[in-house]
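Trainee: mind looking at a prediction? Sequence and model below.
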Amino acid sequence: MDPLPNPAPLASKLRNTLVRYHSIGDGEWRVAKKTKDATVWRKPSEEFSGYLYKAQGVVEDVTNRIVDHIRPGPYRLDWDSLMTSMDIMETFEENCCVMRYTTAGQLWNIIAPREFVDFSYTTSYEDGLLTCG
């Protein structure tokens, strides 16, 4: 794989996009799933065919311990049952990396196992964190 160009402009653009998505008015989101501790909303994306998702909830724990389970790393394999392997291909800083992962087949392998390469980014924002891949 060719080395990536300087990731700083991409990380900055991604942070701005996350903040912009976070700032979308509540009336534009539809509840996709709600439990007593968390809510997940979705809305059609204007940038790609698919949906944007946002999740919000309160977890009583140390923030960095929770983030360690969300961002790429060994804890992700503990809870994400669809993910069968994950490798961090390149790390730019603690909150910014390129990862490759595979997912298990679904529906009796009607949906085949797939491999993805994602740019993952997590940033502090106001009283919480914004993350995406």
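Mentor: Arrived safely, thanks for sending.
Trainee: got phi/psi on the residue in the chain sticking out farthest from the centre?
Mentor: Each residue of the chain has a distance to the centre, and by CA atoms, centre = their mean the biggest one is for residue 108: 26.0 Å. Backbone torsions of residue 108, given as degrees, to the nearest 10, read phi 60, psi 40.
Trainee: ok, it - contacts?
Mentor: For residue 108, the contact set (CB atoms under 8 Å, 6 or more residues apart in numbering) is empty. All C-beta atoms are positioned from the backbone trio N, CA, C, and that covers glycine.
Trainee: what separates it from residue 94, distance-wise?
Mentor: Distance from residue 108 to residue 94, counting by CB to CB, to the nearest Å: 39 Å.
Trainee: go on, residue 14?
Mentor: From residue 14 across to residue 94, the span is 15 Å (CB to CB).
Trainee: these two - which one has more neighbours?
Mentor: When residue 14 is set against residue 94 and neighbours are counted by other CB atoms under 10 Å, the residue ahead is residue 14, at 18 against 10.
Trainee: for that one, what is the enclosing helix or strand?
Mentor: helix 7-22 (DSSP states H and E).
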